[in-house]
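J.: build the 3D model from these lines:
(4 chains)
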2 protein chains.
Amino acid sequence: MRDGRTERRAVTIADVAAMGGVSTATVSRALSEPAQLRTGTLARVTAAVQQSGYRPNIAARTLRAGRAMLALVVVPDIANSFFSDVLRGIEDELSRHHYGLLIGNLNNGRAREAQIVDVVRAGQVDGVLLLNGRIPHGGGQSLTQTGVPAVAVCETVEGALFPQVEVCNREAAREAVAHLAALGHRRLAYVTGPARNVLERERQAGFREGLAAAGLDGACVLPGDFTFAAGAAAATVLLAQEPRPTAVFAANDEMAIGLMKTAWRAGLEVPRDLSVIGFDGIEFADYVQPTLTTFRQPRRELGQRGAALLVRAMLGEVIPAYEARLRLPATLLVRDSTGPAPKENTA
Amino acid sequence: MRDGRTERRAVTIADVAAMGGVSTATVSRALSEPAQLRTGTLARVTAAVQQSGYRPNIAARTLRAGRAMLALVVVPDIANSFFSDVLRGIEDELSRHHYGLLIGNLNNGRAREAQIVDVVRAGQVDGVLLLNGRIPHGGGQSLTQTGVPAVAVCETVEGALFPQVEVCNREAAREAVAHLAALGHRRLAYVTGPARNVLERERQAGFREGLAAAGLDGACVLPGDFTFAAGAAAATVLLAQEPRPTAVFAANDEMAIGLMKTAWRAGLEVPRDLSVIGFDGIEFADYVQPTLTTFRQPRRELGQRGAALLVRAMLGEVIPAYEARLRLPATLLVRDSTGPAPKENTA
DNA sequence: CTGAAAGCGCTTACAG
DNA sequence: CTGAAAGCGCTTACAG
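T.: Predicted coordinates for the structure are as follows:
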């Protein structure tokens, strides 16, 4: 029955039991519910564990107990730095509860969704955190049909029954317009995210609500996709407008920065000729010239809160509806890229 | 023997065997070595697998086969965007070979190293990729003592016996000096990384070699730690020097950018008054004003190559010495932050 | 408080 | 080519 692998055999629970003169059941209990053992027994087992350097085999434990103590995080693109901080919050919270973290990277596509579903169906994880705004599908089944608990973070999933944690995108977008309007801007532009993205939809909706609240009845809408390059492209279109908008709200910081750079190259000065405001509060936004006015998202907290909900669900708790939708505020950071509207020289 | 969990029971290999009228052994073979089955048998099993939606339980497979089909990646700081691309390369390669990816985040400290060692000792992974430049220790044992294969990527580990993949840091740093010297700069400065970091040591060594090669016998060395803030702080010191260096090489892009911003605030113009060159080629370096001259690291390839070596080791292959040290080139990207040395007005 | 024993769901040497 | 059966290393209801 021995297989090919000839590495030195690891210490098993049976070895420890023999050393301590107890049964394997007692060793198991010493590790999981020490309070139930007599002090002397516990001491003997603990000593044996120490001395042998015993570590329980996780596969055996998972198989027997039916729990993997592992959560899967589905990320749209692991190379996108936005998610790093969110992941850190998730990891902190999970490891506090002795759960490990498995990363499922979609590479911005859907091809790998089936892999995600497979991992779950193979019993490898006890729960799933979705950062991709969509329920993964694969092999003719959706992730939620597997019955494992799920929580969405950052990008919510419309109509989903599981808990969701997001930032107040709409309210923040409204505030962006109010900020610009208060500076006297009347001709605004908005650079969008990808059309089907939920963040984009919320931010654009908030932008429009903000326009209405400020008594403005139109704005220039420039298509984008959250990349630097899209911001640069939007700038080119913007510069061709007549009359040119005096302020832009970009749906994220990368686009705002790409736009600022291109505007600068074209000879515009920010904020004298053009005010720019972004979204996310990436670290970099504070190191561009001029520094970017934007909204800080509590990324780590978003991750941490989502993970906390998932842990509860993985432990079998049913999350009540009033806790199932967490909305954290985004904070406006007024920096140097927004300023008073330029004086009009045409009446 | 039933436990608390009352979720609907998943399909097991026994169910499929019954459906197909074969033994569980045959089902197992249909999945792992289909060529060994008669076509008819294979077809029947395949149909049963399809119809039942059977997915093998990974814990059971791991326990029995002694392989987890999972690799652990030790990351110094998951919130550092530098690692995202490396991770992506790793993930691509691992998943090509049907290995999963477990993230072990150190949060820039050593406290969690013990957790890492535990995961390995618990048999949860078949191999480890180290991005942290150090062999994790914990519970009186080092990771390498566990006997699992390891590979270091980006930050090498001195004296380690396992394969390592790195970038030619020293050669690149030399080239940085040569580039500046060719532009006529004679008074150079270097902003360091953390003193004990291997990248820092290599880059500083290369910097010094470059000075010698250019016939320069000294330079201003400013301490840093790879952060934006350290770059800003270095700028302050730099500005106080008399005579002031005309060019700076920063050990990474963040510091170069932090330094440029502070220099700009102090009224210096880059590159007219000061040339700046960074290292890493982060995306952002192309969106600062002026764009940053830097070295592009093939991050994805670094990850991919490291993972490829690890996969081979996990499959039992002994990596020959001549393959065990991969050194990929870093490419100089000349952009707008470096220019001719200013004319001297003091003789 | 502790032990004997079943069994989680697989894989694989062995036999035919 | 296929099956019967052992056994990977745990946990836990059951019994005492």
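J.: drop to CA atoms for contacts and neighbour counts, all remaining ones
T.: Noted.
J.: what about the residue lying closest to A:L183 once chain neighbours are set aside, neighbour count?
T.: Beyond its immediate neighbours in the sequence, the residue positioned closest to A:L183 (C-alpha to C-alpha, 6 or more residues apart in numbering or on different chains) is A:P340, lying 4.7 Å away. For A:P340, the number of neighbouring residues by other C-alpha atoms under 10 Å in any protein chain shown comes to 18.
J.: please apply the same query to A:Q51.
T.: Applying the criterion other C-alpha under 10 Å, we find 11 residues in the vicinity of A:Q51.
J.: re the thing from before, got phi/psi on the residue nearest to A:L183?
T.: Dihedral pair for A:P340: phi -60, psi 150, per degrees, to the nearest 10.
J.: what helix or strand is the closest residue to DNA strand D within the stretch 151-300 of chain A on?
T.: In the stretch 151-300 of chain A, no residue comes nearer to DNA strand D than A:V151, which is 24.4 Å away by C-alpha to the nearest atom of the strand. When elements are defined using DSSP states H and E, A:V151 is found to belong to strand A:150-153.
J.: partner strands of the next helix-or-strand element following that strand, parallel or antiparallel?
T.: Next in sequence after strand A:150-153, counting helices and strands by DSSP H and E, comes strand A:164-167. When pairing is defined by DSSP bridges, strand A:164-167 lines up against strand A:150-153 (parallel), strand A:325-328 (parallel).
J.: what residues sit buried inside strand A:164-167?
T.: A:164-167 (16 or more other C-alpha atoms under 10 Å in any protein chain shown).
J.: out of those, flag the one nearest to DNA strand C.
T.: Relative to DNA strand C, the closest of the buried residues of strand A:164-167 is A:Q164; by C-alpha to the nearest atom of the strand it sits at 30.3 Å.
J.: residues contacting the closest one?
T.: Residues touching A:Q164, when contacts are defined by C-alpha atoms under 8 Å, 6 or more residues apart in numbering or on different chains, comprise A:151-153, A:156-157, A:306, A:324-326.
J.: point out where chain A drops to low pLDDT.
T.: Judged by pLDDT under 70, chain A has its weakly predicted residues at A:1-9, A:79, A:345-347.
J.: mind listing the helices for it?
T.: Using DSSP state H, the helices of chain A run over A:13-20, A:24-32, A:39-52, A:58-65, A:82-96, A:113-121, A:169-182, A:198-213, A:228-240, A:253-265, A:299-314.
J.: distance to A:R134 for these - can I get that in TSV?
T.: Output for the helices of chain A, formatted as TSV (distance: least, C-alpha to C-alpha, whole Å):
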stretch	distance to A:R134
helix A:13-20	42
helix A:24-32	37
helix A:39-52	45
helix A:58-65	28
helix A:82-96	16
helix A:113-121	10
helix A:169-182	18
helix A:198-213	10
helix A:228-240	23
helix A:253-265	23
helix A:299-314	16
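J.: as CSV, the contacts of A:Q164 with distance to A:E113 and neighbour count would be great.
T.: As requested, those are arranged in CSV below (distance: C-alpha to C-alpha, whole Å; neighbours: other C-alpha atoms under 10 Å in any protein chain shown):
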residue, distance to A:E113, neighbour count
A:V151, 16, 27
A:A152, 15, 29
A:V153, 17, 29
A:T156, 17, 23
A:V157, 15, 20
A:G306, 21, 30
A:A324, 24, 17
A:R325, 25, 16
A:L326, 26, 18
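J.: quick check: residues of chain A near chain B?
T.: Selection of chain A residues close to chain B by C-alpha under 8 Å from any C-alpha of the partner chain yields A:3, A:5, A:7, A:55-60, A:62-63, A:65-66, A:78-81, A:83-85, A:87-88, A:101-103, A:118, A:121-124, A:147, A:257-258, A:261, A:284, A:287-289.
J.: residues touching the residue nearest to A:L183, list them.
T.: By C-alpha under 8 Å, 6+ apart, A:P340 lies in contact with A:183-185, A:271-272, A:275.
J.: buried among these? Make that a PyMOL selection.
T.: For the buried members of the contacts of A:P340, the matching PyMOL selection, counting by 16+ other C-alpha under 10 Å, is:
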select buried, chain A and resi 183+184+185+271+275
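J.: out of the contacts of A:P340, which touch DNA strand C?
T.: Restricting the contacts of A:P340 to those touching DNA strand C (C-alpha under 7 Å from any atom of the strand) yields no residues.
J.: mind listing which of the contacts of A:P340 are in strands?
T.: Counting by DSSP state E, the part of these found in strands is A:S275.
J.: ok, A:G123 touching B:R61?
T.: No: using C-alpha atoms under 8 Å, A:G123 makes no contact with B:R61, being 11.1 Å away.
J.: more neighbours: which of those two?
T.: Between A:G123 and B:R61, counting by other C-alpha under 10 Å, A:G123 is the more crowded of the two (24 against 16).
J.: so who does A:V49 touch?
T.: Neighbouring residues of A:V49 by C-alpha under 8 Å, 6+ apart: A:V16.
J.: ok, now the one 10 residues further on?
T.: Under the criterion of C-alpha under 8 Å, 6+ apart, the contact list for A:A59 reads B:59-60, B:62-63, B:123-124.
J.: and which of those is nearest DNA strand D?
T.: Relative to DNA strand D, the closest of the contacts of A:A59 is B:L63; by C-alpha to the nearest atom of the strand it sits at 4.7 Å.
J.: burial count for the closest one?
T.: Counted with other C-alpha under 10 Å, residues neighbouring B:L63 total 19.
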